[in-house]
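> here's my sequence, what's the structure:
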Amino acid sequence: MTHTKALFAAAITVLLWSSAFPGIRAALEGYPPGHLVLLRFLIASVSLGIVALVTRLPAPSFADLPGMLFLGVIGIGGYQTALTFGQQTVSAGAAALAVALTPVFMALIGTVFLGERLAAAAWSGTVLSFVGIAIVSLGENGSLEWSGDIALVVLAALAASVFFVLQKPYLRRYSPLQMTTIGIWAGTIIMAFIWLPGLTRSIQQAPVGATAAVLYLAILPGTVAYVTWAYALSKAPASVLGNAIYLEPPLAIVVCYLWLGELPALLTVCGGAIALLGVVITSVFGSSRQIPP
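Numbering: from 1, shown residues only. Below is the predicted model of the structure:
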C-alpha cells in the first residue's frame, strides 16, 4: 500500500513537471526569464509560508539547515534558473528530452558520493545519452555542437540530480513538506538578490496569459509537484521512482502540442529516443559494485 501511494504521488509529480516545460514557454512570451523564475517562486514561497503557519511546520535543526539550504539553492534555484533561461530558444519538447538525462547524472553522482562503480554497459548508456542530446541540438539549431541554451538545460538536469540524490538522508528526519519548503525558500532568496529590480514593471507590462502561466507554474509544478515527489522518495526506493522520469518527455510533448500547438522536429525526437535508450541502459545496469572503503 505504501508503494502504491508513492507511485501515485510520483505520477502526479511527473504529470505536473511535464506540463512545466510548455508552461515556461508560454510565460516567456510576456516575461524575461529572470523575472519569470523569481515571480514563480515568490508565489510558491508565499503559498508554502501560509501552509507552514497553518500546519505549524517544525523548523529543522541548526546542524541540518546549511545542507538543506545548499540543496535548495542548487536543486531548485539552480535547476529552475538554468531551465528557464535555456527555454528561451529550446523548444519545450527538446528541453524535456534533455532533462531526461537526470537518471544518468544520478548514477554518475553515485560513483562520486556513494562509492559505486558503473558497469561497462552503464558507461556505454551514458555515452549514448549524450550522443542523443547532441542530435537533439542538431534538430534544434542545425549544429551537432551543443548550443548555449541546450547546455543550460543539461546543466539543469545535473542540478536536479544533485538535489534528488543528496536530499534522501534528510528525508529520513524531515517530512517532504519541510524539505520542499526550505529548498524553495532558499532558492527564492538567491533569485531575489539577482532579479528583484524591475520585477514590478515586468508584471505590469506582461499579458494576462503569461501571468496566468506563471501562477500555474508556481502553484502546481513549482509547489505541489515538489511535495509529492519528496513524499514519494520518502516512501519508495529512488531506483523504482527514477523510472517514472522516462515518462516526462513524451508527456511534455503531448501537453506542449495541446497547450501551444508546438511539436519538436523529427530529428529532435530521434535524438531524444537515442538519449532515452541510453538512460534506460544506464539505469538498468547501474553500478557494478561498491568501491572498498
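
> show me the shaky parts of the stretch 51-200 of the chain.
Where the stretch 51-200 of the chain drops to pLDDT under 70, the residues are 110, 113-118, 137-148.

> could you rerun that using 90?
Across the stretch 51-200 of the chain, the ranges flagged by pLDDT under 90 are 51-52, 54-57, 59, 62, 76, 89-151, 153-154, 157, 160-180.

> now do the contacts for Leu42.
Going by C-beta atoms under 8 Å, 6 or more residues apart in numbering, Leu42 touches Thr188, Ala192, Ala218. Any C-beta I mention is one placed from the backbone N, CA and C, and that applies to glycine too.

> hmm, 10 Å instead?
Contacts for Leu42 (C-beta atoms under 10 Å, 6 or more residues apart in numbering) come out as Ile184, Thr188, Met191, Ala192, Leu196, Leu199, Val214, Ala218.

> quick check: ChimeraX command selecting the buried ones in the residues you listed.
In ChimeraX syntax, the buried subset of those is picked out as below (16 or more other C-beta atoms under 10 Å):
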select :184,188,191,199,214,218
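
> show me the contacts of Leu42 that map onto helices.
Ile184, Thr188, Met191, Ala192, Leu199, Val214, Ala218 (DSSP state H).

> looking at those residues, which one is closest to Thr282?
Ile184 (29.1 Å; C-beta to C-beta).

> wait, that closest one touches Ile76, no?
Yes - under the criterion of C-beta atoms under 10 Å, Ile184 makes contact with Ile76 at 5.6 Å.

> mutual contacts of the two, please.
Overlap of the contact sets of Ile184 and Ile76 (by C-beta under 10 Å, 6+ apart) consists of Phe41, Ala44, Gly222, Tyr226.

> could you pick out the longest helix of this structure?
Taking DSSP H as the criterion, the chain has its longest helix at helix 2-27.

> buried residues of that one, list them for me.
Applying 16+ other C-beta under 10 Å to helix 2-27 flags 6-7, 9-10, 12-27 as buried.

> check stretch 88-97 too.
Within stretch 88-97, the residues that count as buried by 16+ other C-beta under 10 Å are Val90, Ser91, Ala92, Gly93, Ala94, Ala95, Ala96, Leu97.
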